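In: just coords:
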């Protein structure tokens, strides 16, 4: 019989080892593997969210219904794919449901679909407006303050797609304005033409933001359309205790009809938070009451390849952020400055403004207020600006290699002094030694701002500090004037010389007859001939019997790099034809087209970007070639055969690869592919409740064993006298 002491020595280590194994297995399950989840309009927040569609006609599982629920029930490293459709919600992200520095949380559009976050509230039905008894043509309707979550007051009122002005009180209203009486819950509107608002489409803002990040970090937002909020995406410390936020990425989004597009922290001395290392790229930001992008306190932020149009105030407002790079942006019709830098919420030092195109701003192209140190302004185009290209009030600012065109008051106002030419500016302030004054010759101003071949902006910039590619993804620098010197162009778009491709060659085959038999044939030809050969200039074809044929054969091969190539360019973009004439459209890849049809406004935007392509073509013909020919012989003869096929080339453009997934139109396009979930453990190990139950069971076994052994030992000692 084994003594209790020996049994304890054997059993105790075994139980400890089993228990430790159970705990180790449970720990990863408590954190969970990185997983992909889905949100859809036909989803349900009670489901698992791991399927991209309901699992049947009577579904028991599928995607979640709301983005907020998905954010709240995922962990750092997870990806949430949102399917297309209209979502009415405000997504709040806090430190409790954000990402980590090594594992950001991604909220992205489902592949090929465009989810729309819309914050508008449409209160009107016909006859719901009532005339106010005042003499002016003001109408009112009742909307409860609770409808305007979370602020309990509207911030935006839109008539037929156009913003109305907010009045401070009823008596100060004028045509094209509105006022909200929070005591009576009445919305007063003075329609622009003095008409009854029920004959127009009137909408008001319902939610404050589409995405609100309250001291939340490491979030990626990709591929959304966002309409009708006070702010599209905002990241700040709501409690105003100077919280630190990092790692926000906003890309491939369309933000329009908003108060502001993207808002990062702010408040005096950063009391609403500090935002570091954020990236806003490849977005379209349109039709705003205030700023397109606003950055308060923080550093290391990047704003690049954004199209910002019709901002009510500044397209980009750096109100205190340090070490910000603003590059390759296209800014159109800003209500104030194209880019403003001030020390409103921080020192705003060491910022770089490089290779931007600013067109028709109502104020300055770039305005540097007094205080921001060491701002660098290079390679920018200022065209048709209502004031000056650069208005600078800080002695440490530097400017060079910029192009000025039709600036209303002069090219620059430097430290209070106006300058009309770059020569004057260099003489008076030692700036713009290499600056250019002239028409940039945009090929399509307002549409893509590409440069014509004779633009003075080509090869006129500096490579120092220039971004690696341009707004369209074309590599910088390109040699735009064939002088062999690769120098960056001025502006957001780099001009690239198009390659050349020759017209389709006609190949004549001269066969060598080897048969002297005299026959006459009345041939019936069915020459369905498919060739996938290697190119030879003059292949020899042997026919038996020798036949004199003159078939015309149309081939559709690819063209090898040995073929002579001549380009007939139609601009910086080209489309291959049978000649082939290559038309190259400098756009990014993959091309995404977003179609936006708004029932409340006839405004549509369509922009398509096609990447710069390097055409490749291959013709391969066999050293020998035997067509399939059906002949009906009728007489004799000694014919020879000469076949003269005409080869029709097809040129297949190969897009240049780009690092970014691009949404470049105002129309929808593909999102990121949904990666499949790869669990770290077998499925039964991913159930945390099972593992915790197993741990409890093992603990029970362990303590029961100890009790049994102690009892056995006492029993053994009672049976042995003297102990």
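Out: Right, received. Where do you want to start? No experiment lies behind these values; they were computed from the predicted model shown.
In: residue ranges with poor pLDDT in this protein?
Out: The chain contains residues with pLDDT under 70 at 1-34, 123-127, 149-151, 268-270, 498-694, 696, 708, 710-723.
In: any idea where the helices of it begin and end?
Out: Along the chain, the segments classed as helices by DSSP state H run 4-31, 67-72, 422-429, 688-719.
In: Could you tell me the end-to-end distance of stretch 464-474?
Out: Start and end residues of stretch 464-474 are separated by 17 Å (CA to CA, to the nearest Å).
In: Would you check how far apart residue 296 and residue 290 are?
Out: 14 Å (CB to CB, to the nearest Å). The way it works is simple: take the backbone N, C-alpha and C, and place the C-beta from them, glycine included.
In: between those two, which one's more packed in?
Out: Legend: neighbour count by other CB atoms under 10 Å for residue 296 and residue 290, higher for residue 296 (27 against 19).
In: Grab the nearest non-local neighbour of residue 457.
Out: Excluding the flanking residues, the one nearest residue 457 by CB to CB, 6 or more residues apart in numbering is residue 490, at 4.0 Å.
In: Please report how far the one you found lies from residue 403.
Out: For residue 490, the distance to residue 403 - CB to CB - is 5 Å.
In: domains in this protein, as residue ranges please.
Out: Domain assignment for the chain, taken from automatic domain parsing, gives 4-31+682-719, 34-117+214-229, 120-205, 245-436, 498-665.
In: Tell me which of residue 490 and residue 403 has more neighbours.
Out: Comparing residue 490 with residue 403 by neighbour count (other CB under 10 Å), the higher total belongs to residue 490, at 30 against 27.
In: In contact with the nearest residue in space to residue 373 that is not next to it in sequence, which residues?
Out: Take residue 373 and drop its neighbours on the chain: the residue closest to it by CB to CB, 6+ apart is residue 349, 4.1 Å away. Going by CB atoms under 8 Å, 6 or more residues apart in numbering, residue 349 touches 322-323, 372-374.
In: May I see the PyMOL selection of the buried members of those residues?
Out: Listed next is the PyMOL selection for buried residues among the contacts of residue 349, using 16 or more other CB atoms under 10 Å:
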select buried, resi 322+323+372
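In: can you put the contacts of residue 349 in JSON lines and add distance to residue 422?
Out: Formatted as JSON lines, those follow (distance: CB to CB, whole Å):
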{"residue": "322", "distance to residue 422": "29"}
{"residue": "323", "distance to residue 422": "28"}
{"residue": "372", "distance to residue 422": "23"}
{"residue": "373", "distance to residue 422": "24"}
{"residue": "374", "distance to residue 422": "22"}
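In: now, which of the contacts of residue 349 sits nearest residue 167?
Out: Comparing these against residue 167 with CB to CB picks out residue 372 as the nearest, at 34.5 Å.
In: And the closest one, how close does it get to residue 154?
Out: 35 Å.
In: any shared contact partners between residue 490 and residue 403?
Out: With CB under 8 Å, 6+ apart as the test, residue 490 and residue 403 both reach 380-381, 436, 440, 457, 460.
In: any chance of these in TSV, plus neighbour count?
Out: Listed next are the shared contacts of residue 490 and residue 403 as TSV, based on neighbours: other CB atoms under 10 Å:
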residue	neighbour count
380	30
381	29
436	20
440	26
457	29
460	23
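In: Residue 80: which of those residues is nearest?
Out: Comparing these against residue 80 with CB to CB places residue 380 closest, at 37.5 Å.
In: hang on, the closest one packs against residue 359?
Out: No. The criterion here is CB atoms under 8 Å, and residue 380 misses it with residue 359 at 11.2 Å.
In: Residue 264: neighbour count?
Out: There are 31 residues near residue 264, going by other CB under 10 Å.
In: okay but it is in contact with residue 248, surely?
Out: Yes. In this structure residue 264 lies within contact range of residue 248 using CB under 8 Å: 7.5 Å.
In: any common contacting residues for the two?
Out: Among the neighbours of residue 264, those also in contact with residue 248 (CB under 8 Å, 6+ apart) are 235, 275, 278.
In: Mark which of those residues are part of strands, please.
Out: 235, 275 (DSSP state E).
In: Please give me every residue in contact with residue 319.
Out: Taking CB under 8 Å, 6+ apart as the test, what residue 319 contacts is 266, 294-296, 340, 342, 344-346, 348.
In: Next one: the residue nearest to residue 373 relative to residue 121, how far apart?
Out: 42 Å.
In: Check residue 237 too.
Out: Counting by CB to CB - residue 237 and residue 121 are separated by 28 Å.
In: When these two are compared, which one has more neighbours?
Out: A direct count of neighbours by other CB under 10 Å for residue 237 and residue 121 places residue 237 higher, at 24 against 17.
In: so what's residue 311 up against?
Out: 261, 285, 288, 290-292, 334-336.
In: hey, what's it bridged with?
Out: Applying DSSP bridges to residue 311 yields these beta-bridge partners: residue 288.
In: Residue 341 too?
Out: residue 318, residue 368.
In: Could you pull up the contacting residues of it?
Out: 318, 348, 351, 366-369, 372, 375.
In: same thing with residue 390?
Out: Applying CB under 8 Å, 6+ apart, the residues near residue 390 are 364-368, 377, 382, 399, 402, 411-414.
In: redo that, cut-off 10 Å
Out: 339, 353, 364-368, 375, 377, 380, 382, 397, 399, 402, 404, 407, 411-414, 419, 425, 431-432, 435 (CB atoms under 10 Å, 6 or more residues apart in numbering).
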